[in-house]
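Chemist: Predicted structure and sequence below. I'll ask about it afterward.
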Amino acid sequence: MTACPGDQKAVIDATMTTSAVAECAGVSRTFGSGATAVRAVREVNCRIPACARIAVTGPSGSGKSTLLHLIAGLDAPTAGSVRWPALHDSGPGRPMGIGVVFQGPSLLPSLDVAENVALPLLFAGQAEHTAMGNVRAVLDLVGIGELAAKLPDELSGGQSQRVAIARALAARPRLILADEPTGKLDHHTADRVITVLLDTAITIGAAVIVSTHDPVVAARLPDHWVMRDGHLKTCPADRGAT
């Protein structure tokens with residue numbers, strides 16, 4: 001991974017789009033108060049273009065997951081603001097158009113693959129027949145259409161993570177945030193999962209941010225963010241990486 005020189009503010013060039021899918025302005029997140037307070041994210045400024053392909057690296061506890069949760073709208077900053085201009089956000093709270101993939105697939109064991117993927121669509125108010133049509137399409141998109149009737153305990157680790165990706169992509173989000181999506185997979189399976197994620201993002205036209213400890217995974221994305229002690233630095237990766 002290319003080293004990031006200096007202590008520059010993290011401002012992503014928006015030349016790929018006139019409207020970013022997300023922006024952070026002076027964003028900080030502190031947990032607790034007083035002497036025991038933990039400042040997980042410190043005064044982050046960033047702009048995420050609509051076609052972004054960004055790897056977020058850094059040691060454990062550096063603030064990677066917290067930053068992704070803030071960008072996703074799953075958590076609220078204690079200072080600063082997060083906006084989603086291209087997602088037509090109309091106020092506080094999480095906007096539509098964001099898909100999140102976590103380190104563990106978090107599939108409900110009593111539901112089959114199709115039902116797990118359909119769940120967020122049904123919660124969003126889609127009619128069941130419409131949701132299941134979308135589920136079949138996204139399962140085919142990530143290459144696991146034949147697993148629709150399988151239960152989670154019948155799947156391999158890589159298959160389970162593909163289901164988690166399908167669930168995040170079912171609503172065709174404009175921004176995909178993947179938090180250590182390959183952390184529990186072997187290198188070969190991790191490479192296949194990242195390929196599925198990136199190829200699918202191209203198909204649906206989504207921006208992608210992946211947090212990872214794996215330099216091989218990070219090298220698959222052309223831009224890098226580095227988190228250290230809650231601070232964010234950025235630099236372009238080698239453009240030869242694919």
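Modeler: Great, that's in hand.
Chemist: For the rest of this, base every contact and every neighbour count on C-alpha atoms.
Modeler: OK.
Chemist: Spatially central residue for this structure, please.
Modeler: Leu177 (0.9 Å; C-alpha atoms, centre = their mean).
Chemist: got the CA coordinates for the strand or helix carrying it in PDB?
Modeler: Using DSSP states H and E, Leu177 sits in strand 175-179. The C-alpha coordinates for strand 175-179 follow below in PDB (Å, rounded to 0.1, in the frame of the first residue of the first chain):
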ATOM      1  CA  LEU A 175     -23.100   3.600  -1.400                       C
ATOM      2  CA  ILE A 176     -21.800   0.200   0.000                       C
ATOM      3  CA  LEU A 177     -19.900   0.200   3.300                       C
ATOM      4  CA  ALA A 178     -18.100  -3.100   4.100                       C
ATOM      5  CA  ASP A 179     -16.600  -3.400   7.600                       C
END
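Chemist: I'd like to know the average pLDDT value across it.
Modeler: The pLDDT scores in strand 175-179 average 95.
Chemist: what does stretch 154-166 give?
Modeler: Averaging pLDDT residue by residue across stretch 154-166 gives 92.
Chemist: which of the residues in it are buried?
Modeler: For stretch 154-166, a neighbour-count test (16 or more other C-alpha atoms under 10 Å) marks Gly157, Gly158, Gln159, Ser160, Gln161, Arg162, Val163, Ala164, Ile165, Ala166 as buried.
Chemist: What of stretch 134-151?
Modeler: In stretch 134-151, counting by 16+ other C-alpha under 10 Å, buried: Asn134, Val135, Arg136, Val138, Leu139, Leu141, Val142, Ile144, Gly145, Leu147, Ala148, Leu151.
Chemist: Show me which positions of the longest helix along the chain end up buried.
Modeler: For the chain, the longest helix by residue count, based on DSSP state H, is helix 187-204. Buried residues in helix 187-204, counted by 16+ other C-alpha under 10 Å: Thr189, Ala190, Asp191, Val193, Ile194, Thr195, Val196, Leu197, Leu198, Thr200, Ala201.
Chemist: Show me what it is packed up against.
Modeler: Applying 3 or more C-alpha pairs under 8 Å, 6 or more residues apart in numbering; DSSP states H and E, one finds that helix 187-204 contacts helix 157-169, strand 207-211, helix 215-218.
Chemist: Next, the angle from the second one to strand 175-179.
Modeler: Meaning strand 207-211. Relative orientation of strand 207-211 and strand 175-179, computed by axes from the mean of the first three to the mean of the last three C-alpha atoms, to 10 degrees: 10 degrees.
Chemist: Pull the residues that contact strand 207-211.
Modeler: With contact meaning C-alpha atoms under 8 Å, 6 or more residues apart in numbering, strand 207-211 is reached by 21, 48-57, 64-65, 174-181, 198, 201, 218.
Chemist: That one pairs with which strands?
Modeler: Applying DSSP bridges, strand 207-211 is found paired with strand 53-57 (parallel), strand 175-179 (parallel).
Chemist: Figure out which of these is closest to Val101.
Modeler: strand 175-179 (4.4 Å; C-alpha to C-alpha).
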